[in-house]
Each structure stands twice: as structure tokens, then as C-alpha cells.
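> I'd like to go over a predicted model; first the sequence, then the structure.
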Amino acid sequence: MFVATLVASEALRQGDIAEAADRLRDAGCAPGGTAWLDEGKAADILFDSDPATARIALAGLGEGVDVIVQPVATREKRLLIADMDSTMITVECIDELADYAGIKPQIAEITERAMRGELDFAGALHERVALLKGLPDAKIDLCREERVRIMPGAKALVQTMRARSAATLLVSGGFTRFTGPVAEEIGFERAVANVLEIADGALLGTVTVPIVDAARKRAELEAMIAGGVDRALTLAVGDGANDIPMIEGAGLGVAYHAKPKTRAAADAEIMHGDLSVLLYAQGIPSAQWVID
């Protein structure tokens, strides 16, 4: 048995649910019962077969409606592994840090191309960090305090999953000076990221190696699975090309307001709503969310 979870960024109408059921029926997916998770916001439709066909049938369902399709038996996850920049927070930290050096447009262009998969991630990271050489170390904390904002739904997602005994890992191609405080604020158990090299109160323009890249993100997922987490019960979410391997390796890989290559690689995508969509996808209504 499979479930299609419909989540509206504003209002989910009964007509949206009916249209989804009709599309599933026309695609031969044999829809069954429907149920509200939160009336007017999120609902489930059960169906019997062919989730790949169902995803295609439900694409572009309605204005502002995200749809996630998955097996019912494994919908509640035991591991969340998540990207940070433009996923758990609203900005790209290196771009914002570059603004304090007066070179944001130059670095932001490289970031965008790297996230689209047009540039080698490692090379793009080293190139951007080199451009920050000489920036005062104090600017890092100032940038974090002034620019970094938590993505809507992030705290509810992480804290609710932890309250239900899931493991949570923030894994970022960004920097530990950002991921540490961000992980603590949101509620992640652990964070992995790159280390900026600093001496005499200024950035040296280098990072420690080996860097946290796409391969490392996938390796962190595989290590958790090797430690006893069922792959089917893992959830990975990110927006950039360097998130693709972990998205492909997870039981449910989700592209969050993502670049085209990432969307194509994912099992599901969130295009309209915030990260709380991933709680509804697990069958958890808002009355059961946990936020400290």
C-alpha cells in the first residue's frame, strides 16, 4: 500500500483531493481511502500500486500544492540527514560572508553554478574561499548573527523527529562556524561541515582537507545505515547538486526548492511549502509537532 500526501502552502480544497484521486484512478493506481492530516492544509490518499506512475500523474496537481508519494509502511523515518544552506537556513553563508568582503556578486555567481552542477564542487569551494583571504575572523560571527535565518518549518521538523526517536544529522559543504550554532538552534544531534583556516585573526583563504563534498554527504548517510538504520527509514533533503548522492541513497530523497538536476534525482520535491511538509509526509499532524 502506498500513500500520496498533499500539502498546500495556503489552502487545500476538497476539489484538490478529488482531482488527485481521479488522476490516480485514470493512471491505474487504484486509489482507496482519503483522510485529512490537518483539515484545509494536508491530506493523505491511499492507493494500491505503481508509485512511479502516481508521481507522474500527480505532478502539477494544483496551485501551491506539494505532493509526496511513498510506501505507507516506511513513511515515518528514523533518520533525517539534511543540507544547511538554502535548506535549513534561508541563505548561502559563503555568499553572505563575501558581502562583508565586498565581493558578493563574484562569489554568488560561482555558488549558483556549483549548486546547479555546472562546476566541480571542490574546485568551486577552494576558489571562493581563496577570494576571502584576509577577511577578519570577527566577520564570520557578525555575518551569522546578521544574515543567517532559520528556514520555516526546520525547528518543527528536527525537534519532532528527535522527540519520536529519529536520528538527525546536519551535513554541509559550508563551514563549521555556521553549522555549529545553526545545528544547536534547530536541534540537530550532530553537524558535519568544512573548517575555515584562520591565523592572526584573519581568514587564510583555505579550508582543511579532505573537504565535505557530495561524496562525504553520501558517506555520512551510509555510515548511519551501516550502524543499523534501515535505508527505507532514512530521509535526505537538500537543494543543490552536491546533495544528489545522499538524496539518491536515502529511502526518501527530497529536493527542497531545488536546482533542476537535484529535482530530477529526487523521489519527491517541495516547491511551494516549507520544511513542515516533511512532517505531514510522515503522517504527523501539526497537533503532534514539537518545538522548544
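Structure received. No experiment lies behind these values; they were computed from the predicted model shown.
> Just confirm D66 is within a strand.
Yes - counting by DSSP: H, G, I helix; E, B strand; the rest coil, D66 is located in a strand.
> Identify the residues contacting it.
Residues near D66 by Cβ atoms under 8 Å, 6 or more residues apart in numbering: L6, V7, A8, S9, E269, I270, M271, H272, G273, V277. Using the backbone N, CA and C atoms, a C-beta is placed for each residue, glycine as well.
> so which of those comes closest to I140?
I270 (29.6 Å; Cβ to Cβ).
> quick one, what contacts that closest one?
Counting by Cβ under 8 Å, 6+ apart, I270 has contacts D66, V254, A255, Y256, H257, V277, L278.
> rerun at 10 Å
Residues near I270 by Cβ atoms under 10 Å, 6 or more residues apart in numbering: 7, 9, 66-68, 153, 237, 239, 254-258, 276-278, 281.
> I'd like to know which of those residues are part of strands.
V7, D66, V67, I68, V237, V254, A255, Y256 (DSSP state E).
> Next, format the residues you listed as CSV and append pLDDT.
CSV is the format used below for those (pLDDT from 0 to 100):
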residue, pLDDT
V7, 98
D66, 98
V67, 98
I68, 98
V237, 98
V254, 98
A255, 98
Y256, 98
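> Measure how buried R13 is and give me the count.
Counted with other Cβ atoms under 10 Å, the neighbours of R13 add up to 12.
> give me the element A130 is part of.
Assessed by DSSP states H and E, A130 sits inside helix 121-131.
> Show me the contact partners of whatever helix or strand comes next after that helix.
As assigned by DSSP H and E, the chain's next helix or strand after helix 121-131 is helix 138-147. By Cβ under 10 Å, 6+ apart, the residues outside helix 138-147 that reach it are 89-101, 132, 135-136, 175, 177-178, 180-182, 196, 198, 201-203.
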